[in-house]
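Participant: fold the following.
(one chain, ligands or ions: 2)
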Amino acid sequence: MSTPTPHITASPGDIAKTVLMPGDPLRAKFIAENFLDNPVCFNEVRNMLGYTGTYKGKRVSVMGHGMGMPSMGIYSYELFNFYDVDNIIRIGSSGAIQPDVKMRDIIIGMGACTDSNYAKSFNLPGTFAPIASYELLSKAVEAAKELGLPVRVGNIMSGDVFYCDNAKEHDEGWLKMGVLASEMEAAALYMNAARAGKHALCMVTISDKPGEKPTTAAEREQTFTGMMQIALALA
Ligand SMILES: O=P(O)(O)O[C@H]1O[C@H](CO)[C@@H](O)[C@H]1O
Ligand SMILES: O=c1cc[nH]c(=O)[nH]1
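Facilitator: Ligands and ions are numbered 1, 2, ... in the order given. Have a look, this model is predicted:
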């Protein structure tokens with residue numbers, strides 16, 4: 001397929017080699033307007049806003065990916081395969097699973113477990129282990145140290161549902177396996193990166209935890225700046 005794609009109207013060259021991707025397109029707009037120099041909007045299809053600008057002199061893009069693995073699957077596939085993007089860094093919100101994971105902790109997903117059937121499309125004879133790019137992961141840990149921001153690195157869980165009848169039991173098994181937090185896209189991103197021979201990383205900030213007041217939409221859009229700065233340092 002050539003560009004533009006069904007979901008992105010950018011021309012070749014409009015998008016940088018490294019793209020930061022929050023689920024919420026307004027989080028992408030916030031980053032473009034508050035961290036990038038000379039941001040130019042390259043996509044408005046479905047309001048999935050995407051911008052390219054520079055950060056400390058380096059060219060970088062930021063674009064929303066929507067919610068869930070089908071949506072992440074489409075955008076990351078088109079960016080890797082039709083826009084020649086090399087690195088995608090998801091910067092998401094997430095629910096705590098382990099009791100010692102606190103609100104607003106930053107977690108880097110070394111691996112992404114999943115309850116989805118996304119891997120089926122690759123016709124594998126076994127179970128694929130979706131993992132982060134070691135290169136991006138090690139750079140992110142280094143950048144966090146330099147910024148003085150504590151991060152935890154470990155397994156996360158990409159779920160197909162946000163709401164379910166038995167939320168507590170749903171998390172119980174993952175908790176016993178040491179999984180730190182749940183979100184909804186990293187596994188698909190890691191699989192698409194593996195298939196395309198590209199690099200991906202998912203970083204999340206804890207926005208929800210059982211028994212705690214959840215963050216507001218505005219807070220998720222505008223206050224996860226520690227995670228944004230770590231991701232921007234990877235451009
Ligand atoms: O805040 P974002 O990045 O969208 O991430 C999380 O929030 C959404 C659910 O509210 C899902 O996309 C989940 O992965
Ligand atoms: O997937 C998600 C995202 C935020 N909070 C959750 O509890 N789950």
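Participant: helix, strand or coil for the closest residue to ligand 2 within the chain?
Facilitator: Distances between the chain and ligand 2 by C-beta to the nearest ligand atom are smallest at G95, namely 2.3 Å. Glycine gets a C-beta too; all of them are placed from N, C-alpha and C. Each residue gets one of three states, and G95 gets strand by DSSP: H, G, I helix; E, B strand; the rest coil.
Participant: hey, what's it bridged with?
Facilitator: Using DSSP bridges, the beta-bridge partners of G95 come out as S182, D208.
Participant: check what pLDDT it gets.
Facilitator: In this model, G95 is scored at 97, pLDDT.
Participant: pull the contacting residues for it.
Facilitator: 181-183, 206-209 (C-beta atoms under 8 Å, 6 or more residues apart in numbering).
Participant: hmm, which two among the residues you listed are most spread apart?
Facilitator: The span of these, defined through C-beta to C-beta, is set by E183 and K209 at 13.4 Å.
Participant: and these two? Which one has more around it.
Facilitator: The residue with more neighbours, out of E183 and K209, is E183; 24 against 21, by other C-beta atoms under 10 Å.
Participant: quick check, the more buried one in contact with A96.
Facilitator: No - checked against C-beta atoms under 8 Å, the pair E183 and A96 is beyond contact range at 11.0 Å.
Participant: buried residues, the least confident helix or strand in the chain by mean pLDDT. List them.
Facilitator: Every helix and strand of the chain was ranked by mean pLDDT, DSSP states H and E. The lowest is helix 167-176, at a mean of 89. By 16 or more other C-beta atoms under 10 Å, the buried positions in helix 167-176 come out as 170-171, 174.
Participant: can you redo those as TSV with distance to R46?
Facilitator: Formatted as TSV, these follow (distance: C-beta to C-beta, whole Å):
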residue	distance to R46
H170	29
D171	31
W174	31
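Participant: any idea how far Y190 is from S133?
Facilitator: Separation of S133 from Y190 (C-beta to C-beta, to the nearest Å): 9 Å.
Participant: er, G109 I mean
Facilitator: 8 Å.
Participant: same deal with S138?
Facilitator: 16 Å.
Participant: the two: which is more packed in?
Facilitator: The neighbour comparison of S138 against Y190 (other C-beta under 10 Å) goes to Y190, with 28 against 12.
Participant: would you confirm that that one contacts C202?
Facilitator: Yes - contact criterion C-beta under 8 Å: Y190 and C202 qualify, at 7.4 Å.
Participant: anything in contact with each of the two?
Facilitator: 112, 132.
Participant: please see if the strand or helix carrying I206 touches ligand 2.
Facilitator: With secondary structure defined by DSSP states H and E, I206 is part of strand 199-208. Yes - Strand 199-208 comes into contact with ligand 2 (C-beta under 6 Å from any ligand atom), by way of 207-208.
Participant: so which residue is smack in the middle of this structure?
Facilitator: Nearest to the mean C-alpha position of the chain, by C-alpha atoms, centre = their mean, lies R90 at 1.8 Å.
Participant: residue contacts, the closest residue to ligand 1 within the chain?
Facilitator: For the chain and ligand 1, the shortest gap (C-beta to the nearest ligand atom) falls at G23, measuring 1.9 Å. For G23, the contact set (C-beta under 8 Å, 6+ apart) comprises 64-67, 90, 92-93, 184-185.
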